[in-house]
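>>> What would the 3D arrangement of this be:
(4 chains)
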2 protein chains.
Amino acid sequence: MDTELNKGELEVNSDLETRLTGDHHDSLRLWLRMLSCTVMVEAEIRSRLRNEFGITLPRFDLMAQLERYPDGLRMGELSKRMMVTGGNITGITDQLEQENLVVRVLDPKDRRAYSVKLTASGREAFQRMAAVHESWIAELFSGMPGKQKTHLSELLSQVKNHLNVSISKFENKSEQE
Amino acid sequence: MDTELNKGELEVNSDLETRLTGDHHDSLRLWLRMLSCTVMVEAEIRSRLRNEFGITLPRFDLMAQLERYPDGLRMGELSKRMMVTGGNITGITDQLEQENLVVRVLDPKDRRAYSVKLTASGREAFQRMAAVHESWIAELFSGMPGKQKTHLSELLSQVKNHLNVSISKFENKSEQE
DNA sequence: TATTGTTATACTCTATAACTATA
DNA sequence: TATAGTTATAGAGTATAACAATA
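Residues are numbered from 1 along each chain as shown, chains lettered A, B, ... in the order given. Sure thing, here's the model as predicted:
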């Protein structure tokens, strides 16, 4: 496995300071801090979702996607949005369908395709969970001033746009308002 | 569980486009954007680590922890840092040990405990991977101005501190309700 | 008795590839 | 041929609980 990524092609402007890799380190520090924050919140939320509702994060996420699209989403769209391969979406959808939380609806125009939708009880269950989920998030971030939150949100929105350029495979990914 | 549900219902019922839940929504928006960015980068990095080095993110993370502590870390410390339960650390460590990347060293003072350390070849392998990993991160964040990166890093550092308060499990606190 | 780490178990998520049905 | 989705498989991460050895 060769590791010689050509540094020259990745480096943009490294000639100003003595530290040739200053930008690299800035990026790495940013990433590690973002990752650290996310892992902390994610671990806590995953644990609470499991204990309180017996649901996993991927299932919750799938329902969250569907909740924003009342007309449903096709399997392939879910796969792209959740950034996992198709087989996984089949599995998660199977389970949710067994629990009567989502339903597959055949697309009349393309008989290969389904639209996956929340059922009435799925929507109700999700909204109940989402409200509690939101209160958990508010609790975890309660130490931050409100102004800082909105400022950070705006910055992260820009980060997301930059990433959408860097990581072309996600170009179809939805925008969270 | 019922208390949590009631909490959620209260918030739903009071959501009348008033500002009562404004802070909740600010927090949620912040979290969703942070999560979105992280998931994008994480998916890309996980895929590259797998394809280029045949290593998974948790294993890479464990090695990264050890690289920062040349004297080694005990299983329990790794468990806390990686936020997974002890059995998982055993499994990941087993695999890394089989590949001669880490080694368990008996603690002479406490014969129940080990220090897990990188081997020489583990350190070399990690440093090689880490350099490439860093260049990947720099590539993914290359669209952002450097000033924005450092600014965001500082903000996220504060977020992390707030979270450390909210999420007590990450502190060495013996909570017994 | 409490703590450190392991083992056993079950479940979930994940990627890959082969497969079907349809376009 | 290409596309949408499923199935089959293998591998890995995860939580939980029971357990052994040591403190």
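
>>> Strands of chain A, residue ranges please.
For chain A, the strands defined by DSSP state E cover A:102-106, A:114-118.

>>> The first one near DNA strand C at all?
No: counting by Cβ under 7 Å from any atom of the strand, no contacts exist between strand A:102-106 and DNA strand C, the nearest distance being 9.6 Å. For glycine as for every other residue, the C-beta is placed from the backbone atoms N, C-alpha and C.

>>> who does that strand pair up with?
Here strand A:102-106 is paired, per DSSP bridges, with strand A:114-118 (antiparallel).

>>> how about the strand it pairs with: buried residues?
Buried positions in strand A:114-118, judged by neighbour count with 16 or more other Cβ atoms under 10 Å in any protein chain shown: A:Tyr114, A:Ser115, A:Val116, A:Lys117, A:Leu118.

>>> same question, stretch A:108-115
By neighbour count on 16+ other Cβ under 10 Å, the buried set for stretch A:108-115 is A:Tyr114, A:Ser115.

>>> Say whether DNA strand D is contacted by it.
Yes: using Cβ under 7 Å from any atom of the strand, stretch A:108-115 comes into contact with DNA strand D via A:Asp110, A:Arg112, A:Ala113, A:Tyr114.

>>> low-scoring stretches of chain A, by residue?
Flagging of chain A using pLDDT under 70 yields the residue ranges A:1-21, A:169-177.

>>> Mind doing that once more with 90?
Across chain A, residues meeting the criterion (pLDDT under 90) sit at A:1-24, A:43, A:51, A:164-177.

>>> hmm, back to that, can you say which of the strands of chain A is nearest to B:Ala125?
With Cβ to Cβ, the closest approach to B:Ala125 among those belongs to strand A:114-118: 42.3 Å.

>>> Just the helices from chain A, written as ranges.
Along chain A, the stretches classed as helices by DSSP state H are A:7-10, A:22-48, A:57-67, A:75-82, A:86-98, A:120-140, A:146-166.

>>> Next, format those as a markdown table and append distance to B:Cys37 and mean neighbour count.
Shown next, in a markdown table, are these (distance: least, Cβ to Cβ, whole Å; neighbours: other Cβ atoms under 10 Å in any protein chain shown):
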| stretch | distance to B:Cys37 | mean neighbour count |
| --- | --- | --- |
| helix A:7-10 | 20 | 12 |
| helix A:22-48 | 6 | 19 |
| helix A:57-67 | 15 | 19 |
| helix A:75-82 | 15 | 18 |
| helix A:86-98 | 22 | 15 |
| helix A:120-140 | 16 | 18 |
| helix A:146-166 | 5 | 17 |
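
>>> got the ones you listed as CSV, with distance to B:Glu99 columns?
Output for those, formatted as CSV (distance: least, Cβ to Cβ, whole Å):
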stretch, distance to B:Glu99
helix A:7-10, 28
helix A:22-48, 24
helix A:57-67, 29
helix A:75-82, 31
helix A:86-98, 27
helix A:120-140, 37
helix A:146-166, 31
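
>>> Nearest to B:Ser135, out of the buried residues of strand A:114-118: which one, please.
When the buried residues of strand A:114-118 are ranked by distance to B:Ser135 (Cβ to Cβ), A:Val116 comes first, at 38.6 Å.

>>> Hmm, A:Leu73 and the closest one touching each other?
Yes: using Cβ atoms under 8 Å, A:Val116 and A:Leu73 qualify as a contacting pair, with a distance of 5.8 Å.

>>> And A:Leu28, how close does it get to A:Met34?
11 Å (Cβ to Cβ, to the nearest Å).

>>> next one: A:Phe53
The separation that A:Phe53 has from A:Met34, given Cβ to Cβ, amounts to 27 Å.

>>> With A:Thr56 instead?
From A:Thr56 across to A:Met34, the span is 23 Å (Cβ to Cβ).

>>> Kindly report the same for A:Tyr114.
If you go by Cβ to Cβ, the gap between A:Tyr114 and A:Met34 works out to 35 Å.

>>> can you count the residues close to A:Asp71?
Other residues lying near A:Asp71 total 8 when counted by other Cβ atoms under 10 Å in any protein chain shown.

>>> so it sits right up against A:Leu118, yeah?
No: A:Asp71 is beyond contact range of A:Leu118, at 10.8 Å (criterion: Cβ under 8 Å).

>>> picking that back up, would you mind giving the helices of chain A as CSV with distance to DNA strand D added?
Compiled in CSV, those are given as follows (distance: least, Cβ to the nearest atom of the strand, whole Å):
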stretch, distance to DNA strand D
helix A:7-10, 27
helix A:22-48, 6
helix A:57-67, 10
helix A:75-82, 3
helix A:86-98, 3
helix A:120-140, 16
helix A:146-166, 21
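
>>> Without its sequence neighbours, what residue ends up closest to A:His24?
In space, A:His24 comes closest to B:Ala138 once its chain neighbours are excluded; the distance is 4.4 Å by Cβ to Cβ, 6 or more residues apart in numbering or on different chains.

>>> and what of A:Phe53?
Spatially, and ignoring its direct neighbours in sequence, A:Phe53 is nearest to A:Met129 (5.4 Å; Cβ to Cβ, 6+ apart).

>>> Contacts only, for the one you found.
Applying Cβ atoms under 8 Å, 6 or more residues apart in numbering or on different chains to A:Met129 gives the contacts A:Leu49, A:Phe53, A:Ile55, A:Phe60, A:Met63, B:Gly8.
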